[in-house]
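> just to be clear, the model below is a prediction. Sequence and coordinates:
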Amino acid sequence: MRQAPAITSANSATFLTATAGTFTVTTTGYPRPALTYSGATLPAGVTLVDRHGGTAPLSGTPALGSAGDFVIQVSAANGIGAAVTQTFTLSVRDLPTPPSSGSPLVMGATTCSRT
């Protein structure tokens with residue numbers, strides 16, 4: 001039975017810079033919807049690729065220095081009714097830095113003497 005498309009996945013995901021991440025955009029509808037996106041350019045190292053089965057993985061390793069929010073419009077269409085669009089936000093955050101102890105570790109010298 002023919003069914004209009006719908007996007008069923010969440011409308012946001014968070015990736016960390018220099019760390020591989022993945023999120024799958026999912027849909028319903030028959031025939032299976034094709035997925036496209038427009039809007040912001042995704043950060044270097046991240047792609048959104050339609051797999052032609054009603055899903056499109058958003059995946060990759062965001063480059064260092066690419067932290068920020070990337071807002072795109074994801075559209076699903078299958079020729080039944082109008083295409084549907086979802087505003088999607090990819091938040092890219094910098095890797096957390098380990099806490100500093102406040103002072104460097106200093107190794108002391110040992111002096112030996114003969115008596």
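All right, it came through fine.
> any idea how far the most centrally placed residue in the chain lies from Gly39?
Closest residue to the average C-alpha location of the chain: Phe15 at 4.5 Å, with CA atoms, centre = their mean. According to CB to CB, to the nearest Å, Phe15 and Gly39 sit 17 Å apart. For the C-beta atoms, the positions are set from N, CA and C on the backbone; glycine is no exception.
> could you give the bridge partners of the residue nearest to the centre of the chain?
Here Phe15 sits in beta bridges with Val92, going by DSSP bridges.
> all helices for the protein, in order.
With helices called from DSSP state H, the chain shows none.
> surely the residue nearest to the centre of the chain is in contact with Gly45?
No. In this structure, Phe15 is not within contact of Gly45 by CB atoms under 8 Å, at 9.3 Å.
> now for the two: what residues contact both?
Pro62 (CB atoms under 8 Å, 6 or more residues apart in numbering).
> and Ala18, what does it touch?
Per CB under 8 Å, 6+ apart, neighbours of Ala18: 61-64, 95.
> ok, those residues vs Thr27, which is closest?
The closest of the contacts of Ala18 to Thr27 turns out to be Pro62 (CB to CB; 24.4 Å).
> and that closest one, what's its pLDDT?
pLDDT recorded at Pro62 is 97.
> burial count for it?
Pro62: 25 surrounding residues under other CB atoms under 10 Å.
> state the distance from it to Leu95.
Where Leu95 is concerned, Pro62 sits at a distance of 10 Å (CB to CB).
> run through this protein and note the low-pLDDT ranges.
98-115 (pLDDT under 70).
> quick one: the strands in it?
Counting by DSSP state E, the chain has strands at residues 3-7, 12-16, 21-30, 34-39, 46-48, 55-60, 68-77, 84-93.
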